[in-house]
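Colleague: Quick one: sequence plus predicted model below, questions after.
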Amino acid sequence: MEEECDNIEKRILFNTAMKEALQLEVVKQRGKLEEGWREDEEMEKEFAERDKLFLDDITDLQKRTDEREQKVSDITDKLQDELFLLASFLENVASRRPPESRHGDRPNTASNAPTVFRDYLDSRRLDKSSKDNLKKVRDELKASVNETLGLVKTDGAGDCQ
């Protein structure tokens, strides 16, 4: 029995030593875990700040892009209006010109090579039915713009009510 008591005492000492070693290991591992959590939180804050700055930059870029898009759209609309007015003016001038001078009597020389503008003007020459169609489209466009702006109410045919 004495031998058994010695074995039990040895086991008690061994278990006590093992328990103390395991408790030290638990404390050490918990310290590492807490340090890791702190590092993770710091990194998370740092990346959140970076992401916020990045998002702010993207938002600012989007705002500036929208403003530029609006400016370009306004300029394009103005240019289209000017081009429409110029085409109308040229049509008006061409319609007032005497019929015998509309095609010109000058011979075409090499110094009068065609230009992009002249090609455009040639493409704008219309026959009677095309002019009627253009007038109809122009009237529909005016009615649509007026209706959109709420200036004049129209029926489906473009006639003012």
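Modeller: Nice, thanks for sending it over. Bear in mind that the values here come from a model prediction, so they are computed numbers and not experimental data.
Colleague: For Met1, the count of nearby residues, please.
Modeller: 5 (other Cβ atoms under 10 Å). For every residue, glycine as well, the C-beta is placed using N, CA and C.
Colleague: Report pLDDT for it.
Modeller: For Met1, the model assigns a pLDDT of 85.
Colleague: do Leu55 as well
Modeller: 94.
Colleague: so what does the helix or strand that contains it touch, helix or strand wise?
Modeller: Leu55 belongs to helix 2-96 when assigned by DSSP states H and E. For helix 2-96, the elements it packs on are helix 116-124, judged by 3 or more Cβ pairs under 8 Å, 6 or more residues apart in numbering; DSSP states H and E.
Colleague: What distance do you get for Met18 to Leu90?
Modeller: 103 Å (Cβ to Cβ, to the nearest Å).
Colleague: So for those two, which residue has more residues nearby?
Modeller: Leu90 (14 against 11).
Colleague: Pull up the gap between that one and Phe84, please.
Modeller: With Cβ to Cβ as the criterion, Leu90 and Phe84 are 11 Å apart.
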